[in-house]
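1. Curious how this folds, go ahead:
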Amino acid sequence: MRETPRPQGTAGDAGPELPQRRPGCAFAHTTGASGSGTPHRSDGRPPHTPRGARHTGPTVRPGTTPPVPGRTALFLSVVSGLSALFALTTWQIAADGPLRRLDERAGRALVGHGPERLTELLADLGNMQVALPVLGCAILWTLVRGERRAPLAAALAMAAVPLLVVPLKDWIARPGPLTDATGYYPSGHAATAAVAYGAAALLLAPYVRYAWMMPVAAVLMTVATGIGLVLRGYHWPLDVAGSWWLCGVLLVALWVLSRRSRRRSSWRTPSC
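-> From the prediction side, this is the model:
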């Protein structure tokens, strides 16, 4: 007996009858169905799955909100490294360790080298009369551009320099290379140059076309100041290095704060 094949509907067929759902397990798993064991909700709430419960960030991208864990780890590593270097240097200077004796031999060998006018000019870059106006102009510029937290943090970092350096000078009481007077570790001029030029670079970098030029210029000016101080006999090399380690912690904290401040201000600004 010849069997008549059952007709199968396709997307383009328009038959007289619509296919009927058969009750069973398949019907229980359709969207919005009620009943026990239904994975989809009829009340419009998202399903309890990782994809459905994922939240997007401020830029409508899946991910975490700042601070990013990787950057936080990098920040902690840099701060820990600088703090360890400063602690080691301070301990060697205070305890008259072998590193201090090596430092003094190197300092005596370097004093007087280089053109006098040039080395004096480099050392003067750490004077308050030179470094503070540079930072003041950077703070004023960012205030005009609408920033508030980053300029305030830069001013506080600069104000923290004497609060940190002066007590250490009195406690260590290290004599200078060419004098018996004490209070030469850490170097106040090196600390002033590091924070003033470094903070100015962090504030101005977002507003220049080649942002990398600002930190490079700050590093060059800071290093030039330290070279001038050592060659002129105003400080031992470790006096300068100790100030760099100490002020590096302030600059890293300022960098993190300025990035967070700009990121928050960009979130609050409505996109066109």
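
2. could you pull out the helices for the protein?
-> With DSSP state H as the definition, the chain shows helices at residue ranges 25-28, 69-94, 98-110, 116-124, 128-144, 149-172, 188-204, 213-231, 237-268.

3. Please name every helix or strand in contact with the fifth one.
-> Read that as helix 128-144. Packing partners of helix 128-144 (3 or more CB pairs under 8 Å, 6 or more residues apart in numbering; DSSP states H and E): helix 149-172, helix 188-204. For every residue, glycine as well, the C-beta is placed using N, CA and C.

4. Check which helices and strands the first one sits against.
-> Right, the one you point to is helix 149-172. Here helix 149-172 is seen to pack against helix 69-94, helix 128-144, helix 188-204, helix 237-268 when contacts are counted using 3+ CB pairs under 8 Å, 6+ apart.

5. For that helix, output the C-alpha coordinates as PDB.
-> Taking only C-alpha atoms (Å, rounded to 0.1, in the frame of the first residue of the first chain), the coordinates of helix 149-172 have been written out as PDB:
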ATOM      1  CA  ARG A 149      41.400  68.100  42.300                       C
ATOM      2  CA  ALA A 150      44.600  67.500  40.400                       C
ATOM      3  CA  PRO A 151      45.900  71.100  40.900                       C
ATOM      4  CA  LEU A 152      45.000  71.000  44.600                       C
ATOM      5  CA  ALA A 153      46.900  67.700  44.900                       C
ATOM      6  CA  ALA A 154      49.900  69.100  43.200                       C
ATOM      7  CA  ALA A 155      50.000  72.100  45.600                       C
ATOM      8  CA  LEU A 156      49.700  69.700  48.600                       C
ATOM      9  CA  ALA A 157      52.500  67.600  47.200                       C
ATOM     10  CA  MET A 158      54.700  70.600  47.000                       C
ATOM     11  CA  ALA A 159      53.700  71.700  50.500                       C
ATOM     12  CA  ALA A 160      54.600  68.300  51.800                       C
ATOM     13  CA  VAL A 161      58.300  68.600  50.700                       C
ATOM     14  CA  PRO A 162      59.500  70.700  53.600                       C
ATOM     15  CA  LEU A 163      57.300  68.800  56.000                       C
ATOM     16  CA  LEU A 164      59.100  65.600  55.100                       C
ATOM     17  CA  VAL A 165      62.600  66.900  54.300                       C
ATOM     18  CA  VAL A 166      63.300  69.300  57.200                       C
ATOM     19  CA  PRO A 167      62.700  66.700  60.100                       C
ATOM     20  CA  LEU A 168      64.900  64.200  58.200                       C
ATOM     21  CA  LYS A 169      67.700  66.800  57.900                       C
ATOM     22  CA  ASP A 170      67.600  67.500  61.600                       C
ATOM     23  CA  TRP A 171      67.500  63.800  62.500                       C
ATOM     24  CA  ILE A 172      70.300  62.500  60.200                       C
END
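
6. Let me know the angle separating it from helix 69-94.
-> Between the axes of helix 149-172 and helix 69-94, defined by axes from the mean of the first three to the mean of the last three CA atoms, to 10 degrees, the angle is 20 degrees.

7. re earlier: pick the most buried one from the helices and strands packed on helix 149-172.
-> helix 188-204 (a mean of 27; mean count of other CB atoms under 10 Å).

8. that older thread, could you dump the helices of the chain to TSV with mean pLDDT and distance to D180?
-> Supplementary listing: these in TSV, determined by pLDDT from 0 to 100; distance: least, CB to CB, whole Å:
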stretch	mean pLDDT	distance to D180
helix 25-28	44	93
helix 69-94	89	16
helix 98-110	96	14
helix 116-124	95	20
helix 128-144	95	25
helix 149-172	94	15
helix 188-204	96	19
helix 213-231	96	18
helix 237-268	82	16
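
9. Between these, which one is closest to L178.
-> Between L178 and the helices of the chain, the tightest spacing by CB to CB is seen for helix 98-110, at 9.5 Å.

10. In that closest one, which residues are buried?
-> Residues of helix 98-110 classed as buried by neighbour count (16 or more other CB atoms under 10 Å): R100, D103, E104, G107, L110.
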